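Trainee: Got a predicted structure here, sequence first:
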Amino acid sequence: MTEPTNPQPKGQDFERVLGGSDTRVASFAETKRTPVQQIQHILHSNPTLVPVIVLALSLFVFGLIAGGRFFSAFNLSLIMQQVSIIGILAAAQSMIIITAGIDLSVAAIMVLMSVIMGKLSIDLGVPTPIGILIGMIGGIGAGMMNGWFITKVKLPPFITTLGTWSIFFALNLYLSGAQSIRSQDIDEFAPLLKFFGHSFDVAGARITYGSVLMVLVFIVLWYMLNKTAWGRHVYAVGDDKEAADLAGIRSDRVLISVYALAGLVCAIAGWASIGRVGSISPQSFYEGNLQSITAVVIGGISLFGGRGSIMGALFGALIVGVFQSGLRMAGVDVLWQVFAIGWLIIIAVAIDQWIRKVSA
C-alpha cells in the first residue's frame with residue numbers, strides 16, 4: 001500500500017528545505033496602501049505631527065497676511081506670554097485626558113490656590129514661600145479629591161469635576177470675599193508672588209519667566225510620561241483600564257496620582273497667573289477650563305484616552321495664540337476669532353476620529 005502524496009497547494013509561492021524535511025510555507029501578497037492610507041498610518045504613529053503642521057501653516061499664512069511685523073521677535077514672545085497660563089493648565093488637562101478622563105475644575109483649582117497664596121501672604125502675614133507651599137499642597141489635595149471620587153466612589157470624571165468646579169469656585173468667592181487683591185498690596189507685602197510676571201530681553205524678544213515655566217512644565221511632564229514606568233502605566237490605563245488591571249497595574253492608584261499631579265500643576269499655574277495678571281482676582285480665567293481642553297484637542301491628544309503626546313498640547317496652545325494674534329493683526333473682529341477657534345476644535349476632533357480608524 002502506497003502512502004498518499006501531498007500535492008503542492010495552488011498559489012504556493014516558495015518552499016524551504018530545512019534539515020532535509022520538506023516544509024512549504026504559504027505567503028500572502030501584501031496589501032498596498034494608498035497615499036491617503038500611508039498618511040493616515042504616519043499620523044497614527046506620530047500624533048504630534050498634526051499640530052506641528054497646523055502651527056507651521058498658521059505661521060506661514062498669518063506671516064503673509066500681517067507682514068513682517070507678525071514675525072517680529074516682540075510679537076512672537078508676546079504670543080508666548082499670552083498662552084503661558086492656559087498652556088500650563090493644558091499640561092494638567094493633557095494627563096487627565098490621556099487616562100480617558102476630563103477635568104472641568106482645573107481653572108477653579110488654579111484660581112482658588114492663587115487666592116489662598118495671596119490671603120496667607122498678604123492678609124495673614126505668613127511668609128510668602130510658606131504661603132506658596134501651602135497653595136501647592138492645596139492643589140495636590142484638590143486633585144486627589146477628584147481622583148478619590150472617580151476611583152473609589154466610581155463617579156464619571158465629567159460629573160465629578162463639574163461638581164468640584166462649583167465647590168472650588170464657591171470656596172474661592174468665600175475666601176476672597178469676592179474682592180480682588182490689588183497689585184500695590186502684592187508689591188508691598190509679597191512681591192515673590194509676581195515673580196513669573198518679570199521678564200528679560202533676548203534679541204528684541206521680551207520673555208517672561210512665566211513663559212519659561214510653561215516650557216519647563218511640559219518638558220518635565222513629557223519625560224515622566226515617556227521615560228518612566230509610571231508614564232507607561234498612565235497610557236495603559238487610558239487605553240484600556242480593564243486590560244491594565246489584568247496586567248497587574250494598580251489603575252486606581254495611577255489615576256489618583258494623575259489627578260494629584262494635575263492639581264499641583266494647576267497650583268503652579270495659579271502662582272504664575274498672579275505675575276501674568278498683576279493682581280489676584282477671584283473671577284479671573286473663568287474660561288480656563290474650555291481653553292485648556294481646546295489646546296489639548298487641537299494638540300492631537302485623543303479624547304478617548306491612551307494616545308497622544310503631552311507636547312501636542314503645547315503646540316495646541318501656541319496654535320490658538322497664533323490664530324488670535326494673526327487675526328487681530330489682520331483686523332478681524334473678536335467674534336470671528338472665536339468663530340475660527342470653534343472650527344479648529346471641530347476639525348481637530350474629526351482628524352482624530354479619522355486617524356483612529358487606521359487599519360492594522
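Mentor: Nice, I can see it.
Trainee: From now on I want contacts and neighbour counts done on CA atoms only, so please keep to that.
Mentor: Fine.
Trainee: Residue 230 contacts residue 224, doesn't it?
Mentor: Yes - counting by C-alpha atoms under 8 Å, residue 230 touches residue 224, with 7.2 Å between them.
Trainee: if I read this right, residue 92 contacts residue 263, doesn't it?
Mentor: Yes - here residue 92 lies in contact with residue 263, judged by C-alpha under 8 Å, at a distance of 7.4 Å.
Trainee: Pull up the overlap in contacts between the two.
Mentor: The contact sets of residue 92 and residue 263 overlap at residue 106 (C-alpha atoms under 8 Å, 6 or more residues apart in numbering).
Trainee: buried stuff in the helix or strand where residue 234 lies?
Mentor: Using DSSP states H and E, residue 234 sits in helix 229-239. By 16 or more other C-alpha atoms under 10 Å, the buried positions in helix 229-239 come out as 230-231, 233-239.
Trainee: Show me where the stretch 151-300 of the chain has its helices.
Mentor: In the stretch 151-300 of the chain, the helices defined using DSSP state H, counting those that start in this stretch lie at 157-176, 183-189, 209-227, 229-239, 241-246, 251-277, 288-298.
Trainee: Quick one: the ones you listed as JSON lines, columns for distance to residue 68 and mean pLDDT too.
Mentor: Converted to JSON lines, the helices of the stretch 151-300 of the chain look like this (distance: least, C-alpha to C-alpha, whole Å; pLDDT from 0 to 100):
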{"stretch": "helix 157-176", "distance to residue 68": "43", "mean pLDDT": "96"}
{"stretch": "helix 183-189", "distance to residue 68": "35", "mean pLDDT": "94"}
{"stretch": "helix 209-227", "distance to residue 68": "23", "mean pLDDT": "97"}
{"stretch": "helix 229-239", "distance to residue 68": "42", "mean pLDDT": "96"}
{"stretch": "helix 241-246", "distance to residue 68": "50", "mean pLDDT": "94"}
{"stretch": "helix 251-277", "distance to residue 68": "27", "mean pLDDT": "97"}
{"stretch": "helix 288-298", "distance to residue 68": "26", "mean pLDDT": "92"}
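Trainee: Of these, which is nearest residue 310?
Mentor: Proximity to residue 310 (C-alpha to C-alpha) singles out helix 209-227 among the helices of the stretch 151-300 of the chain, at 6.1 Å.
Trainee: so what's residue 104 up against?
Mentor: Residues counted as contacts of residue 104 (C-alpha under 8 Å, 6+ apart) are 158, 161-162, 165, 289-290.
Trainee: quick one: which of those residues has the most company?
Mentor: Using other C-alpha atoms under 10 Å as the neighbour test, the contacts of residue 104 are led by residue 161, with 25 neighbours.
Trainee: and residue 226, how many neighbours does it have?
Mentor: When neighbours are defined as other C-alpha under 10 Å, residue 226 has 15 of them.
Trainee: which residue sits closest to it in space, ignoring its chain neighbours?
Mentor: Of all residues not flanking residue 226 in the chain, residue 232 sits nearest, at 6.8 Å (C-alpha to C-alpha, 6 or more residues apart in numbering).
Trainee: And the most centrally placed residue in the chain, which helix or strand is it part of?
Mentor: Geometric centre of the chain, nearest residue: residue 94, 3.1 Å, by C-alpha atoms, centre = their mean. For residue 94, the element it lies in under DSSP H and E is helix 73-98.
Trainee: and that helix, which residues are buried?
Mentor: Of all the residues in helix 73-98, those buried under the rule 16+ other C-alpha under 10 Å are 74-98.
Trainee: With stretch 102-110 instead?
Mentor: For stretch 102-110, the neighbour count (16+ other C-alpha under 10 Å) marks 102-110 as buried.
Trainee: could you give the mean pLDDT of that stretch?
Mentor: Summarised as a single mean, pLDDT over stretch 102-110 is 96.
Trainee: And the contacts of residue 104, which is closest to residue 257?
Mentor: Distances from residue 257 to the contacts of residue 104, taken by C-alpha to C-alpha, are shortest for residue 161, at 15.8 Å.
Trainee: rewinding a little: other SSEs contacting the helix holding residue 94?
Mentor: Where contact means 3 or more C-alpha pairs under 8 Å, 6 or more residues apart in numbering; DSSP states H and E, helix 73-98 is packed against helix 106-118, strand 205-208, helix 209-227, helix 229-239, helix 251-277, helix 288-298, helix 310-329.
Trainee: and if we set it to 7 Å?
Mentor: Applying 3 or more C-alpha pairs under 7 Å, 6 or more residues apart in numbering; DSSP states H and E, one finds that helix 73-98 contacts strand 205-208, helix 209-227, helix 251-277, helix 288-298, helix 310-329.
Trainee: Residue 128 against residue 190, yeah?
Mentor: Yes - using C-alpha atoms under 7 Å, residue 128 is in contact with residue 190, at 6.0 Å.
Trainee: Identify the contacts common to the two.
Mentor: Residues touching both residue 128 and residue 190 by C-alpha atoms under 7 Å, 6 or more residues apart in numbering: residue 121.
Trainee: quick one: which of these two has more around it?
Mentor: Shown here are residue 128 and residue 190; by other C-alpha under 10 Å, residue 190 has more neighbours (23 against 19).
Trainee: what angle sits between the helix or strand residue 63 falls within and helix 288-298?
Mentor: According to DSSP H and E, residue 63 maps onto helix 49-66. If you take axes from the mean of the first three to the mean of the last three C-alpha atoms, to 10 degrees, helix 49-66 sits at 100 degrees to helix 288-298.
Trainee: now the angle between helix 310-329 and helix 49-66, please.
Mentor: 20 degrees.
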